[in-house]
Each structure stands twice: as structure tokens, then as C-alpha cells.
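A.B. asks: Okay, structure incoming, though there's no sequence with it:
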């Protein structure tokens with residue numbers, strides 16, 4: 001009796017396995033997430049207790065659907081593990097900051113702003129400037145920096161700086 005059931009059981013298992021692989025293959029581009037890295041971080045003090053960080057980053061949208069930005073924030077993790085979220089600077093204010101503070105260098109990329117639409121399979125270089133309520137020395141001594149980008153439908157992507 002067992003030999004009689006082994007062949008149909010094996011065929012049924014094979015059909016189920018093919019169906020699962022087919023479904024996974026068809027859904028490969030449905031996961032909305034940005035992948036990328038932080039290219040450069042520039043910091044400067046605004047006064048003795050506040051500082052500014054300008055973060056240039058590159059990302060790609062590997063999904064088959066566009067990624068629409070709801071929020072973009074910068075978080076700094078200190079050496080002890082404590083985190084501080086920065087206040088994002090608008091594109092217009094970022095242009096003014098670069099004009100007023102030449103020590104920051106050139107503004108290479110546009111700021112990633114709310115409702116920016118990143119097309120499917122597109123790669124872009126962007127920047128974000130953020131003001132932190134910490135001295136520049138604390139910002140320079142960070143463990144890592146995280147750019148958190150949230151899609152309007154909920155998924156959150158994190159681009160994490162790798163300090164060298």
C-alpha cells in the first residue's frame with residue numbers, strides 16, 4: 001500500500017513546489033524598498049550647541065512600482081548608542097545655506113523632498129541637510145548616521161553610513 005501512494009505523493013509534492021516557485025518568481029518586483037548608501041557627510045557648527053549635517057546619498061528603487069516619499073529624516077547614533085533625530089532643511093533653505101556657508105563646498109545634488117516620486121528600477125543621487133541640537137564634536141564622533149525614507153504606503157527604507 002505504501003509503494004502505491006509514494007508515486008502520487010511525489011508528483012503532488014513536485015506540483016506544489018513548482019507552484020510556490022512560480023508565485024515567488026512572479027512577485028519578485030513587488031517589494032517596495034530603496035537600497036543604497038551614504039556617499040558623503042559634511043558637518044559644520046551653527047553655534048556651540050547646534051550643528052548642521054549635509055548628507056549626500058545614492059539609492060536605487062529595485063521594485064516594479066514607484067516609491068513616493070512621505071518623509072525623509074536623518075538620525076545620528078552616538079558612540080554610546082543614543083540616537084538624535086535631526087530637523088530636515090527644505091530645498092530652498094539648503095540653497096541658502098550653501099550660498100551663505102562656502103565652507104560646506106558645492107551643492108552636488110537636489111534635496112529629497114516630500115512627494116518625490118522615484119520611478120521603478122531608477123537610481124538617483126540626492127542629499128538632505130539636517131539641523132541637530134548637539135555640538136559638532138558630538139556629530140563628528142558619531143557611531144553611524146541613518147537616512148530614513150518612508151513611502152506613502154508605509155514601507156520604510158534606511159540608508160546607513162559606513163564609517164571608515
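C.D. replies: Looks like it arrived, so ask away. Since the model is a prediction, treat every value here as computed from it, not as a measurement.
A.B. asks: buried sites along whatever helix or strand residue 131 lives in?
C.D. replies: Using DSSP states H and E, residue 131 sits in strand 123-132. Judged by neighbour count using 16 or more other C-beta atoms under 10 Å, the buried positions of strand 123-132 are 124, 126, 127, 128, 129, 130, 131, 132. For every residue, glycine as well, the C-beta is placed using N, CA and C.
A.B. asks: Next SSE downstream of the top helix by length along the chain?
C.D. replies: If you go by DSSP state H, the chain has its longest helix at helix 2-26. Proceeding N to C from helix 2-26, the next assigned helix or strand is strand 35-45, under DSSP H and E.
A.B. asks: and that following strand, how far from the chain's centre?
C.D. replies: Here strand 35-45 shows a centroid-to-chain-centroid distance of 12 Å under the convention C-alpha atoms, centre = their mean, to the nearest Å.
A.B. asks: Quick one: list the elements packing against that strand.
C.D. replies: Here strand 35-45 touches strand 51-60, helix 136-140, strand 144-151, strand 156-160, going by 3 or more C-beta pairs under 8 Å, 6 or more residues apart in numbering; DSSP states H and E.
A.B. asks: Any chance you could list what contacts the second one?
C.D. replies: The one in question is helix 136-140. 43, 44, 45, 51, 53, 76, 78, 132 (C-beta atoms under 8 Å, 6 or more residues apart in numbering).
A.B. asks: Dig out what the third one forms beta bridges with.
C.D. replies: What it means is residue 45. Here residue 45 sits in beta bridges with residue 51, going by DSSP bridges.
A.B. asks: I'd like the distance from it to residue 103, if you could.
C.D. replies: Using C-beta to C-beta, to the nearest Å, residue 45 is found at 10 Å from residue 103.
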